[in-house]
Every structure is written in C-alpha cells, then in structure tokens.
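Visitor: just to be clear, the model below is a prediction. Sequence and coordinates:
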Amino acid sequence: MGYSVKQQGGLIFKGRATVSDGRFETEFVVPKDISYENRNGKIVAYVSNSTTDGVGYSGNIVVGGTNQNQPNDNKGPEIEIFFDDTNFESSYLVNPNFTLIAKLKDQTGLNTTGTGIGHKLEAVLNDDAANTYDLTNNFVGDLNSGGKSGLAKYTFNSMAQGDYKIKVKAWDVFNNFSFQEAAFTVVSADKGIVIRDVVNYPNPMTSNTTFTFQHNYSSAFNTKIKIYTVAGRLIKTIEESDLLEKFVKIDWDGRDEDGNQIANGTYLYKLIVESADGSFKDNILGKLAVIK
C-alpha cells in the first residue's frame with residue numbers, strides 16, 4: 001500500500017502575539033530566503049492561557065513577491081551571549097550541564113527560516129566546524145516583536161572540564177550577517193560551589209573598595225568576607241544572604257566593626273561562599289592594602 005505525503009516548506013516566520021477579544025495580529029518582514037514562485041503557504045496559530053488552549057490554520061495565502069521599498073540597514077543582528085540565565089551578565093563559569101542562551105535583535109527582522117544555504121542560526125564550539133549546533137528551531141521570538149527580537153537556547157550535557165570558546169552566528173531578513181563570541185569554563189559539579197576571580201578594586205584602596213568574584217552555583221547562596229590584620233586579628237565581617245548573581249559585587253566602606261576607618265597597611269581577607277541549605281561550601285584567601 002502506497003501513501004502520498006506533502007512535505008512542508010521552509011519556515012518563514014515564528015513569533016508570538018497577544019490575543020485580545022479572540023483576535024491577534026502581527027507584522028513582519030519576509031526573509032529573502034523564500035521561493036519566488038508564488039505558491040501557497042500555510043499559517044498555523046496556537047493559542048493558550050492558564051485555562052485553555054487551541055490551534056487553527058489556514059492555507060489561503062500566497063507567498064512570493066518583493067517589496068523594493070523595504071529599508072535595509074546593511075547591519076547584521078545584535079547578539080548577546082549568556083550562560084544558564086540572561087540575568088547572569090559577565091558570567092563564564094558553568095557546570096558540565098548548562099544552557100547556552102543567545103539574545104538576538106535586529107531592526108529589520110531576524111532570519112529564522114533555516115532554509116538558506118549557510119543562513120542558519122548557529123553556534124560553533126572552539127572554531128571547529130564539526131562542533132556546529134543548529135539553534136534555528138530553538139528560537140523563540142519576544143512577545144509582539146514581529147520577529148525582530150528573541151532568544152535561542154541550546155542545552156549542553158556532560159561537557160568535559162576545561163576552557164572553551166563559543167561563536168554564535170545570525171542573519172537578518174536581508175541576509176546581513178553578524179557573529180558574537182564568548183569564552184567560558186566548565187568546572188566540576190562534584191564540589192557544588194567553585195569560586196574564581198576573587199579580587200577587590202581598587203587595591204590599594206583609600207576609603208572604599210568592592211569585592212568581586214564568579215562562581216558556578218545556580219541556586220541561592222550566602223557569603224561572608226572576614227577581614228584580618230596581618231597579625232590575625234579579625235576586624236570586620238561582611239555578610240550577604242540569598243544571593244543569586246553569578247558575577248557578585250560586594251561593597252565595603254573601609255570601616256571596622258567599631259565604625260572606624262582602618263589605618264594604612266596590609267590586610268588579609270577570607271571569602272566564604274556557602275549554599276543556602278549548607279550542603280556546599282568554598283572559600284578563598286586574598287590580600288588588600290590601604291594607602292591614604
């Protein structure tokens with residue numbers, strides 16, 4: 001027994017819009033990567049809220065033609081790269097299982113068809129073409145953006161520990177190209193919390209300084225910074241609770257527990273990071289100087 005199956009054509013647009021009183025609308029620029037044979041296309045809409053969902057479609061649309069008046073800015077999309085969460089700016093430490101997030105924006109519209117040769121939304125690991133990951137189908141447009149902005153996510157699993165580089169490539173509807181690169185480090189998840197890049201700036205300080213560090217933990221955690229004289233006397237403890245940032249900044253006004261500005265000299269500090277439930281803990285030592 002034989003069957004006849006019609007293969008779907010390439011995706012032209014995938015976006016999200018607000019439904020009001022049973023109606024919605026969206027406007028977008030059709031990418032250049034289409035067939036210009038004026039054939040029938042299909043629109044599929046899926047709607048949902050907290051109580052119900054539904055789906056509908058129409059094949060009563062013709063795809064083709066060209067708008068010569070559509071402005072082309074000749075610029076590729078803006079790309080920002082994040083790991084695990086878009087709130088984790090400047091973060092590069094990840095566990096072996098992590099999510100790459102590419103935040104995309106283009107004033108003319110993003111090309112997310114995946115049909116043009118070489119025009120896919122892709123991520124390349126360590127400049128190795130054999131390690132190319134197609135992000136096109138993982139793209140989700142921002143609400144009511146008309147295909148001009150959105151996020152593409154890709155989850156990596158069981159990555160070996162070490163340093164890596166990722167390059168994300170994207171195209172707009174006029175096939176203007178751009179890319180963005182980011183370095184990241186995979187650390188062991190066995191220890192729970194791993195601290196890196198602990199510094200205070202300025203150092204030497206006069207009256208104020210800011211402690212910064214990065215870590216790999218993905219849940220709430222607590223920190224303590226204990227500051228000692230070189231003789232080992234504890235003069236100040238700074239505590240912060242329920243932190244979620246991956247790149248952490250903690251300010252200190254240079255005063256001891258009695259509220260007095262500390263004197264010129266060299267001091268030692270101990271940064272302690274502990275998970276909120278107390279199951280994981282790490283610490284690191286540092287040195288700071290005061291010159292007035």
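Guide: That came in fine, so what should we check first? Numbers count the residues shown, from 1 in each chain.
Visitor: strands along the stretch 1-150 of the chain, start to end?
Guide: For the stretch 1-150 of the chain, strands defined by DSSP state E, counting those that start in this stretch occupy the ranges 39-48, 53-63, 78-83, 93-94, 98-105, 122-125, 132-134, 139-141, 149-156.
Visitor: tabulate those strands (a markdown table), appending mean pLDDT and mean neighbour count.
Guide: Where C-beta positions appear, they are placed from N, C-alpha and C, glycine not excepted. Shown next, in a markdown table, are those (pLDDT from 0 to 100; neighbours: other C-beta atoms under 10 Å):
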| stretch | mean pLDDT | mean neighbour count |
| --- | --- | --- |
| strand 39-48 | 88 | 12 |
| strand 53-63 | 88 | 10 |
| strand 78-83 | 96 | 18 |
| strand 93-94 | 90 | 23 |
| strand 98-105 | 96 | 20 |
| strand 122-125 | 97 | 20 |
| strand 132-134 | 95 | 14 |
| strand 139-141 | 92 | 19 |
| strand 149-156 | 96 | 18 |
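Visitor: any idea which of these gets closest to residue 265?
Guide: Evaluated over those, closeness to residue 265 peaks at strand 93-94, with 32.6 Å, by C-beta to C-beta.
Visitor: ok now the closest one, how far from the chain's centre?
Guide: The chain centroid and the centroid of strand 93-94 are separated by 12 Å under C-alpha atoms, centre = their mean, to the nearest Å.
Visitor: what bits of the protein have low per-residue confidence?
Guide: Applying pLDDT under 70 to the chain flags the ranges 116-118.
Visitor: domains of it?
Guide: 78-186, 195-290 (automatic domain parsing).
Visitor: could you single out the most deeply buried of these?
Guide: Comparing the domains of the chain by mean neighbour count (mean count of other C-beta atoms under 10 Å), domain 78-186 comes out on top with a mean of 17.
Visitor: much appreciated, bye for now.
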